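Peer 1: Build the 3D model from these lines:
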Amino acid sequence: MDKWKRMEGELQALREQHLYREIKMIQSPQRSHVRYRDRDMLMLASNSYLDLCDEAQVKAYAAKVLMEYGTGSGGSRLTTGTGIYHIRLEDALARFKGREAAIVFNTGFAANSGVIPCLCRQGDVIYSDELNHASIIDGCRQSRAETVVYRHNDMADLERKIRERPGRQGLIVSDGVFSMDGDIVDLPGLVELADAYGLLSMIDEAHATGVIGATGRGCEEHFRMEGRVDVLMGTLSKAIGAEGGYVCGSHTLTEYLKNKARSYIFSTSLSPVTMAAAKRALELIEEEPWRVERLQENISFFCGRLREHGVEAASETAIIPIRIGEEEKAVKVSERLLEQGFFIPAIRYPTVKKGEAMLRAALMATHTKEELAAAAAAIARTIALA
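Peer 2: Down below sits the predicted model:
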């Protein structure tokens, strides 16, 4: 029996369906222009929305901490793995989000897959938006609670499903900014239902922090609902430009997670260098408000230019989905844009539904209007010729 035959067959099937994925190696720091295939490319796919991954002030601060505290933590957070900069970052996150406390996880995935099984157990109910991130889906599965999927951002459907399960403890969980479509959760509706029916509310702000709200503080600031969400989860790896995940909330919540969340308890903690970089980047978001303002200006400008060229585009966030449809066509458009110097990969199943492939444009604060105008024209022209 050929033990590899099944894997090889599945890989071949992915190639035939134009769903095969390959690693794209970047030859430079992550920033608005990158080097790929030995060429300069305008980066239109990065989650580093405020262009902080290669920010000189962050690198200088991280280098200083590296020389003083070294490269690793030596253990989990509950043994040897909590250092000065872990605590300083958590304090900074709590202040930034207007909460009593914060807790840092190794990744956003580890946060969701660790927190949700802590908050819910067998007999509870989790209400999850149908377009939630894979880490939320996995966290729901691990919890052993009943998971009820409601139609995307449909509060009437959510309330109907809550009413069908009266008196059950549980959680409503949703992305804040949805990672593929770039739309924003109906936070007023979600929180109102959670409070009315005695359920915890949890929002994943991975793509919201540093992007929406007047000062980049995310969904609550965007809707002027500061302090209303029970569990604010986010990442340090997107607009903040570092690495890790976090949860902000009450002291009761964070102490509970420290004692119960398996992905926190049983993981070696992140490097002090990473914690320092995230802390300095978070400070820059506060000190340099032009970054959030420029990003929001770029979003409006780019969507407008796409529409001028006949490409449907509408977003309030740094994620602008450009619908293509067929997987083969999406791959072809992406490759032809790469040839023209625009890095914008095709997004295909299983990230999105079959037959709904797209280009997922992701903007940065440091993109210039000239660059975005050229990109919009190239995207429209390439789609038309594909």
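
Peer 1: Strands of the chain, residue ranges please.
Peer 2: Residue ranges of the strands in the chain, as given by DSSP state E, are 33-36, 39-43, 101-105, 125-129, 146-150, 170-175, 200-204, 231-235, 245-249, 319-325, 342-343, 346-347, 357-362.

Peer 1: excluding its backbone neighbours, what's nearest the spatially most central residue of the chain?
Peer 2: The C-alpha lying nearest the average C-alpha coordinate of the chain belongs to Ala206 (Cα atoms, centre = their mean; 3.4 Å). Excluding the flanking residues, the one nearest Ala206 by Cβ to Cβ, 6 or more residues apart in numbering is Thr235, at 4.4 Å. C-beta here means a position set from N, CA and C on the backbone, and glycine is covered the same way.

Peer 1: Then Val292?
Peer 2: In this structure, Val292 finds its nearest non-sequential neighbour in Gly216, 3.9 Å apart by Cβ to Cβ, 6+ apart.

Peer 1: tell me the contacts of that neighbour?
Peer 2: 50, 209-210, 239, 285, 291-292 (Cβ atoms under 8 Å, 6 or more residues apart in numbering).

Peer 1: Looking at the residues you listed, which are in helices?
Peer 2: Among those, the ones falling in helices (DSSP state H) are 285, 291-292.

Peer 1: Any chance of those in CSV with distance to Ser28, pLDDT and neighbour count as columns?
Peer 2: Shown next, in CSV, are the ones in helices among the contacts of Gly216 (distance: Cβ to Cβ, whole Å; pLDDT from 0 to 100; neighbours: other Cβ atoms under 10 Å):
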residue, distance to Ser28, pLDDT, neighbour count
Ile285, 23, 98, 21
Arg291, 21, 97, 22
Val292, 25, 98, 23
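
Peer 1: mind giving me JSON lines with the contacts of Gly216 and columns for distance to Thr274?
Peer 2: Shown next, in JSON lines, are the contacts of Gly216 (distance: Cβ to Cβ, whole Å):
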{"residue": "Leu50", "distance to Thr274": "17"}
{"residue": "Thr209", "distance to Thr274": "17"}
{"residue": "Gly210", "distance to Thr274": "17"}
{"residue": "Ala239", "distance to Thr274": "16"}
{"residue": "Ile285", "distance to Thr274": "17"}
{"residue": "Arg291", "distance to Thr274": "20"}
{"residue": "Val292", "distance to Thr274": "23"}
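
Peer 1: And these, which two are furthest apart?
Peer 2: Longest distance between any two of those is 12.4 Å, between Thr209 and Arg291; criterion Cβ to Cβ.

Peer 1: tell me the helices in this structure, going along the chain?
Peer 2: For the chain, the helices defined by DSSP H cover 5-16, 56-69, 84-97, 108-119, 134-143, 155-163, 187-196, 219-223, 251-260, 262-265, 272-287, 290-308, 327-339, 369-385.

Peer 1: Can you add distance to Phe178 and give the ones you listed back as JSON lines?
Peer 2: Formatted as JSON lines, the helices of the chain follow (distance: least, Cβ to Cβ, whole Å):
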{"stretch": "helix 5-16", "distance to Phe178": "25"}
{"stretch": "helix 56-69", "distance to Phe178": "28"}
{"stretch": "helix 84-97", "distance to Phe178": "20"}
{"stretch": "helix 108-119", "distance to Phe178": "14"}
{"stretch": "helix 134-143", "distance to Phe178": "11"}
{"stretch": "helix 155-163", "distance to Phe178": "15"}
{"stretch": "helix 187-196", "distance to Phe178": "13"}
{"stretch": "helix 219-223", "distance to Phe178": "12"}
{"stretch": "helix 251-260", "distance to Phe178": "24"}
{"stretch": "helix 262-265", "distance to Phe178": "23"}
{"stretch": "helix 272-287", "distance to Phe178": "22"}
{"stretch": "helix 290-308", "distance to Phe178": "15"}
{"stretch": "helix 327-339", "distance to Phe178": "19"}
{"stretch": "helix 369-385", "distance to Phe178": "21"}
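
Peer 1: Deepest-packed of the ones you listed, please.
Peer 2: Across the helices of the chain, averaging neighbours per residue (mean count of other Cβ atoms under 10 Å) puts helix 108-119 on top, at a mean of 25.

Peer 1: just the angle between that one and strand 125-129, please?
Peer 2: Helix 108-119 and strand 125-129 are oriented at 150 degrees to each other (axes from the mean of the first three to the mean of the last three Cα atoms, to 10 degrees).

Peer 1: Can you show me the CA trace of helix 108-119 as PDB?
Peer 2: Extracted in PDB, the C-alpha atoms of helix 108-119 (Å, rounded to 0.1, in the frame of the first residue of the first chain):
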ATOM      1  CA  GLY A 108      -4.800  35.500  17.800                       C
ATOM      2  CA  PHE A 109      -5.700  31.900  16.900                       C
ATOM      3  CA  ALA A 110      -4.400  30.700  20.300                       C
ATOM      4  CA  ALA A 111      -6.500  33.400  22.000                       C
ATOM      5  CA  ASN A 112      -9.800  32.400  20.300                       C
ATOM      6  CA  SER A 113      -9.200  28.700  20.500                       C
ATOM      7  CA  GLY A 114      -8.300  29.000  24.200                       C
ATOM      8  CA  VAL A 115     -10.800  31.600  25.400                       C
ATOM      9  CA  ILE A 116     -14.000  30.200  23.900                       C
ATOM     10  CA  PRO A 117     -13.700  26.700  25.500                       C
ATOM     11  CA  CYS A 118     -13.000  28.500  28.800                       C
ATOM     12  CA  LEU A 119     -16.200  30.600  28.700                       C
END
